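>>> predicted model and sequence follow; I will ask about them next.
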Amino acid sequence: MSVETQFEQPEWINGLCNDESYARERAFHAMMDVWHEPIYRFTRTLLGQHDDAADATQETFIQVLRSIHTFRGEAKFSTWLFTIARRKALDLLRQRKRIQHLNEELAFEAQLHSLQTDPLFDGDKALERLHAAVLTLPERQREVFTLRYFNELPFGDLAQILNLSEGSVKASYFHAKEKIMARVNLD
């Protein structure tokens, strides 16, 4: 016997499915007020560049509007949303891999320069180095580290978003953390 769990969902979710344009627009703005920045930060950390992150964020919310009628509430909205954002970011990463192949050291320096010159990123030097180091991680470790460290998601939610076991997620996070600490000389 299967028991479906219903999670408490944001009040504006029903508004996104509403046929009335005013109600749908209000619900969309309420969602964006809460989720635009966290999704942008997540995709920015995964992709490393403002333009790519902005594209992935936009594609995420377009997909949400197209697919909201398929959301059944059997998971947290945040889990569903981060899953969509992850897929959109991975699509852009795959496109980027076909276009450019830099070695690790050049990529690190290029990402560090990108962060230092980005008008939307006002981090200090340590944070710049942290973000650049995250970008040198293998894809899975980068995803796990970004969701856990920057978005403070529980390991259980990460496992669900990434379709991995919780133990695998914890191991990936540990390895990512070790690599980052070695890379940015943090102790």
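All right, it came through fine.
>>> in the protein, which helix has the most residues?
Secondary structure of the chain read by DSSP state H shows that its longest helix is helix 21-47.
>>> in the helix or strand harbouring Tyr173, what counts as buried?
Secondary structure from DSSP states H and E places Tyr173 in helix 166-184. Residues of helix 166-184 classed as buried by neighbour count (16 or more other C-beta atoms under 10 Å): 169-170, 172-173, 175-177, 179-180, 183-184. C-beta coordinates here come from the backbone N, C-alpha and C atoms, glycine included.
>>> stretch 135-155 now?
Going by neighbour count (16+ other C-beta under 10 Å), the buried part of stretch 135-155 is 135-137, 141-151, 153, 155.
>>> restricted to helices, list these.
Among the buried residues of stretch 135-155, DSSP H puts 135, 141-145, 155 in helices.
>>> mind picking the two most distant members of those?
Leu135 and Phe155 (22.4 Å; C-beta to C-beta).
>>> confidence score at Tyr40?
For Tyr40, the pLDDT comes out at 95.
>>> what strand or helix carries the residue lying closest to it once chain neighbours are set aside?
With C-beta to C-beta, 6 or more residues apart in numbering as the criterion, Tyr40 has its nearest non-adjacent residue at 4.7 Å, and that residue is Thr57. According to DSSP H and E, Thr57 maps onto helix 50-67.
>>> can you name the element that comes right after that helix?
Next helix or strand after helix 50-67 toward the C-terminus (DSSP H and E): helix 77-99.
>>> thought the residue nearest to Tyr40 was touching Arg41?
No. Assessed by C-beta atoms under 8 Å, Thr57 is found out of contact with Arg41, at 9.3 Å.
>>> then the helix holding Thr57 to PDB, C-alphas only?
Taking Å, rounded to 0.1, in the frame of the first residue of the first chain, the C-alpha atoms of helix 50-67 are listed here in PDB:
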ATOM      1  CA  HIS A  50      26.200  36.100 -15.000                       C
ATOM      2  CA  ASP A  51      24.800  35.800 -18.500                       C
ATOM      3  CA  ASP A  52      24.600  32.000 -18.300                       C
ATOM      4  CA  ALA A  53      23.000  32.100 -14.800                       C
ATOM      5  CA  ALA A  54      20.500  34.700 -15.900                       C
ATOM      6  CA  ASP A  55      19.600  32.500 -18.900                       C
ATOM      7  CA  ALA A  56      19.200  29.400 -16.800                       C
ATOM      8  CA  THR A  57      17.200  31.300 -14.200                       C
ATOM      9  CA  GLN A  58      14.900  32.600 -16.900                       C
ATOM     10  CA  GLU A  59      14.500  29.200 -18.400                       C
ATOM     11  CA  THR A  60      13.700  27.700 -15.000                       C
ATOM     12  CA  PHE A  61      10.800  30.100 -14.400                       C
ATOM     13  CA  ILE A  62       9.500  29.700 -17.900                       C
ATOM     14  CA  GLN A  63       9.500  25.900 -17.300                       C
ATOM     15  CA  VAL A  64       7.700  26.400 -14.000                       C
ATOM     16  CA  LEU A  65       4.900  28.300 -15.700                       C
ATOM     17  CA  ARG A  66       4.700  25.700 -18.400                       C
ATOM     18  CA  SER A  67       4.700  22.700 -16.000                       C
END
